[in-house]
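Student: please find the sequence and the predicted model below.
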Amino acid sequence: MKVSNGKTIRRLGWRSMKAARTRNLIAVLAIALTTVLFTSLFTIAMSINDGFQQSNFRQVGGFSHGGFKYLTEEQFNNLKDDPLIDQWGMRRFIGMPTEVPFNKSHVEVSYADANEAHWMYCDPVEGRLPQEGTDEAATDTHVLELLGVEPEIGARFTISFDVDGHTTTQTFTLCGWWEYDEAIVANHILIPESRADAILDEVGTVPPGEDGMTGSWNLDVMLKSGSRHIANDIAQILESHGYQDQSAGAADYIHTGVNWGYTGAQLSDNLDPIVVAAIAAMLLLIIFTGYLIIYNVFQISVTNDIRFYGLLKTIGTTPRQLRRIIRQQALTLSLAGIPLGLVLGWLIGGQLTPAIVSQLNGVVPMTSVSPVIFIGAALFSLVTVLLSCRKPGRIAGKVSPIEAVRYTEGSGIKRKTKKGRRGVSLLSMAWANLGRSRGKTAVTVTSLSLAVVLLTVTVNFTNGFDMDKYVSHFASSDFIVADAGQFQTGGDIFNTDMGIPQSVIDEINAQGGITDGGVIYGKT
């Protein structure tokens, strides 16, 4: 027969808590400390991840999830409203200057809408983006410096650039500018779409031009599913509209790009059993450390109240109800401990992050405020609390009323007594006290050891970043000497005039300090 006694159980649990305020304070502090551990670690990890991503985005030149390149206007209109796309931005490349003073700078003249400009870090710090039907243009301070133009709204500047093999000279009115970022490869001069179409008509180029890209529509997107599986989502979008990105040259082929700067995309591409095992082991270690801290507190609490639970059993309280009382107390204490730990953990993590990031060259220092930090830390802490009170709850449920009355900690342990002539000392008393409950002693020692293990792992992680090894994935030498056009275009239009003469190579080697070197051949 079921009896509606939930209210009575809650009242018993609440009154039991009120009778032990000091113990409650210790339990709240234990839960808060565990939450601080989770929150600070998540804050540091997410901050490093966000900073690393920002560094990658600057190298990529933008932070959209991915994109579809060199589209016709019809293809652009078909793809942009796909249900998998959350936001989209459009860009049309028009041309680029290659002569002095731009021979050493990669500058692109193009149209970009507001979303695309924002994703490419082209947000004017002064002024605004160009308006349609005007001769306005917005650019960065580096381009203005090369042109010898002071950054003033309304300033006029003239520039010659190549449009699909045709050179044109255009004059623009400066309507806005942003600060130059040397980490971003391409500089941009943004013009209205109406001016872009007029320039294409002037030189007689019909998109996509002879080069296959001038004036064409480029669609960059932010996906509703985030950065977890960008490549799969882009492939799904193409498939839904009858296109593919695998067989170049086919009538239904569309060139696509995935932003490699997102660590989520990199992780999904490089996920293997070793990485999964390492992440799982780290999470289990963190949870187990917090579990031992809280478990100790609840075990001591149950031990102190064992007679109380025995008396409850004499009046008919079931083991399940006793477990509910302990679980209710744990959840109530969590309501106070977890929010406190979240705030303190985020503040501590925010203070530790700059010190850790300073050891990681090339990572933008920032403190993440992602909701994932707080949701994840709260869930981890709550799960840890629930796991920690399970065994104490079973202990309270198993004890009989008679055993509870005469229960003392460590009463079940039989040890041999050894007579000796030594007197009593503080050390012997401390050792004897540790032996009263070997299980509790083992748990305490283990929890202290795991805290040291976590600290050691963190230190090894922050000091284990080898910048030389990281850079070796992109370049195998310390310096590269080449014609300016090689760096500007990536070598796609290499010609014999761009080759470095042997005399220059000999002069460089003659300067000394070079341990090794080699020659890369563009065309043979």
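Tutor: Cool, the structure landed. Numbering: from 1, shown residues only.

Student: from here on, just use CA atoms for contacts and neighbour counts.
Tutor: Will do.

Student: where do the helices sit along the stretch 101-250 of the chain?
Tutor: According to DSSP state H, counting those that start in this stretch, the stretch 101-250 of the chain carries its helices in the segments 114-119, 141-147, 193-203, 230-240.

Student: identify the residues contacting the second one?
Tutor: Helix 141-147 is contacted by residues Pro101, Phe102, Val107, Glu150, Pro151, Phe157, Trp177, Trp178, Glu179, Tyr180, Asn187 when judged by CA atoms under 8 Å, 6 or more residues apart in numbering.

Student: kindly recompute the last result at 7 Å.
Tutor: Pro101, Glu150, Pro151, Trp177, Trp178, Glu179, Tyr180 (CA atoms under 7 Å, 6 or more residues apart in numbering).

Student: before we move on, what about the last one?
Tutor: Helix 230-240 is contacted from outside by His65, Gly66, Asp82, Gln244, Val258, Ala265, using CA under 7 Å, 6+ apart.

Student: could you point out which element follows it?
Tutor: Downstream of helix 230-240, the first helix or strand assigned by DSSP states H and E is strand 255-258.

Student: run through the neighbouring helices and strands of that next one.
Tutor: strand 66-71 (3 or more CA pairs under 7 Å, 6 or more residues apart in numbering; DSSP states H and E).

Student: mind listing what's buried in the next helix or strand after the strand it packs on?
Tutor: Next helix or strand after strand 66-71 toward the C-terminus (DSSP H and E): helix 73-79. Residues of helix 73-79 classed as buried by neighbour count (16 or more other CA atoms under 10 Å): Gln75, Phe76, Leu79.

Student: tabulate those (JSON lines), appending pLDDT and distance to Ala235.
Tutor: As requested, those are exported to JSON lines (pLDDT from 0 to 100; distance: CA to CA, whole Å):
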{"residue": "Gln75", "pLDDT": "94", "distance to Ala235": "15"}
{"residue": "Phe76", "pLDDT": "95", "distance to Ala235": "15"}
{"residue": "Leu79", "pLDDT": "94", "distance to Ala235": "12"}
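
Student: between those, which is nearest Ile191?
Tutor: The closest of the buried residues of helix 73-79 to Ile191 turns out to be Phe76 (CA to CA; 19.8 Å).

Student: just to revisit the earlier point, tell me the one among the buried residues of helix 73-79 nearest to Phe42.
Tutor: Of all the buried residues of helix 73-79, the one sitting nearest Phe42 is Leu79; the distance, using CA to CA, is 36.9 Å.

Student: ok, for Leu333, nearest residue in space, not its chain neighbours?
Tutor: Val28 (5.6 Å; CA to CA, 6 or more residues apart in numbering).

Student: and the helix or strand hosting the one you found, what does it pack onto?
Tutor: Val28 belongs to helix 21-60 when assigned by DSSP H and E. Using 3+ CA pairs under 7 Å, 6+ apart as the contact criterion, the elements in contact with helix 21-60 are helix 273-304, helix 319-357, helix 371-388.

Student: touching, Leu174 and Ala138? I think so.
Tutor: Yes - with contact taken as CA atoms under 7 Å, Leu174 and Ala138 are classed as touching, separated by 5.8 Å.

Student: what residues sit buried inside the helix holding Val28?
Tutor: Along helix 21-60, the positions that meet the burial threshold by neighbour count (16+ other CA under 10 Å) are 23-24, 27-60.

Student: repeat that for stretch 183-198.
Tutor: Buried residues in stretch 183-198, counting neighbours by 16+ other CA under 10 Å, are found at 184-193, 195-197.

Student: same thing with stretch 203-211?
Tutor: Neighbour-count burial for stretch 203-211, counted by 16+ other CA under 10 Å, picks out Thr205, Pro207, Pro208, Gly209.

Student: average pLDDT across that stretch?
Tutor: In this model, stretch 203-211 has an average pLDDT of 90.

Student: in the stretch 301-450 of the chain, which ranges drop under the pLDDT threshold?
Tutor: Filtered on pLDDT under 70, the stretch 301-450 of the chain yields the residue ranges 303-307, 311, 359-364, 399-424, 426, 428-440, 443-444, 447.
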